[in-house]
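Participant: Following is a predicted model, sequence given first.
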Amino acid sequence: MTTHVRNAALLIAATALVAVGLAGCSTADTAGTAGTAGTTDTTAPSTSASSTAAAPTGKITVFAAASLQKTFTTLGEQYEAAHPGTTITFSFAGSSDLVTQIQNGAPADVFASADEANMDKLVKTDIAAGSPRDFATNVLEIAVAPGNPKGIKDLDDLTASDVQLVTCATPVPCGAATAKVEQATGVDLQPVSEEQSVTDVLGKVESGQADAGLVYVTDVEGAGGKVDGVRFDAASKAVNTYPIGVLKDASNPDLAAAFTAYVRSDAGQKVLADAGFGAP
């Protein structure tokens, strides 16, 4: 009987030990699982946040100054190639004309101006979203026929009676720059025509309708030998700064912001610098 009691007692003790062990394992497993769950809960958002967000896709329309036509066309093609599923459409004209179109409801997502004055018109009327950013500078140069048959060497030569001069109208950035140069030098220019965009001025010199025109150094650079350029010191008196910004009613603000950032990126700045633009 004593042996049976002893065996029973041993059996009860063993059972209790197993139960305690199982309880301990269960507690440890639960704690381990809870710890893992806690780690997963905190790291999962972090992993998600650290992953690269998908680049925006879709379409945008960019209104840009006429002097940006070649560079922005290149930038648009580069951006589309690097970001499949995007389409960048451009409308190029004189900055003042573009502002008028935007103010009258023309659908645009981004505006790139050839001066700060025209961009300010959209900022002050609460049409531009946020603060536009400068991305380039430009200065004037005298465009003449190849070989410079009139022998133009400086701004004063543009006042000769036998020189047919064409400039931009004053509301246009290149026209405003021309007015600043005149004021700084005291030279009174008498153009036979005032155009609404710098490309129109360049076109008249290229076609022979004018002997000379005041355009930007980038326009002469991009003319491919169709005109020669005459630089003049007073051009430094009127440096145009180019700002770019997203418009408040942009149909695709994410893509609009991404493209403006690309223009200001190293890749965008290289394209602009290669075309003759200065740094902002």
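Facilitator: The structure has been received and is ready for your questions.

Participant: quick one: the helices in the protein?
Facilitator: Secondary structure of the chain by DSSP state H: the helices cover 2-50, 69-82, 95-103, 116-124, 173-185, 198-206, 217-222, 253-264, 266-274.

Participant: Lowest mean pLDDT across these, which one is that?
Facilitator: Here the helices of the chain differ in mean pLDDT, and the lowest is helix 2-50 at a mean of 37.

Participant: okay, now residue 169: neighbour count?
Facilitator: For residue 169, the neighbour count with other C-beta atoms under 10 Å is 20. Backbone N, C-alpha and C define where each C-beta goes, glycine included.

Participant: Then residue 133?
Facilitator: With other C-beta under 10 Å as criterion, residue 133 counts 15.

Participant: ok, now which ones touch it?
Facilitator: Residues near residue 133 by C-beta atoms under 8 Å, 6 or more residues apart in numbering: 243-245, 260, 264, 280.

Participant: bridging residues for it?
Facilitator: residue 244 (DSSP bridges).

Participant: I'd like to know how far it sits from residue 165.
Facilitator: Noted for residue 133: a distance of 35 Å to residue 165, by C-beta to C-beta, to the nearest Å.

Participant: Same question for residue 79.
Facilitator: The value you get for residue 79 to residue 165, if C-beta to C-beta is used, is 38 Å.

Participant: ok so, going back, between the contacts of residue 133, which sits nearest residue 142?
Facilitator: Closest to residue 142 out of the contacts of residue 133 is residue 280 (24.4 Å), distances taken as C-beta to C-beta.

Participant: and the closest residue to that closest one other than its chain neighbours, how far is that from residue 89?
Facilitator: Of all residues not flanking residue 280 in the chain, residue 134 sits nearest, at 3.7 Å (C-beta to C-beta, 6 or more residues apart in numbering). Using C-beta to C-beta, residue 134 is found at 24 Å from residue 89.
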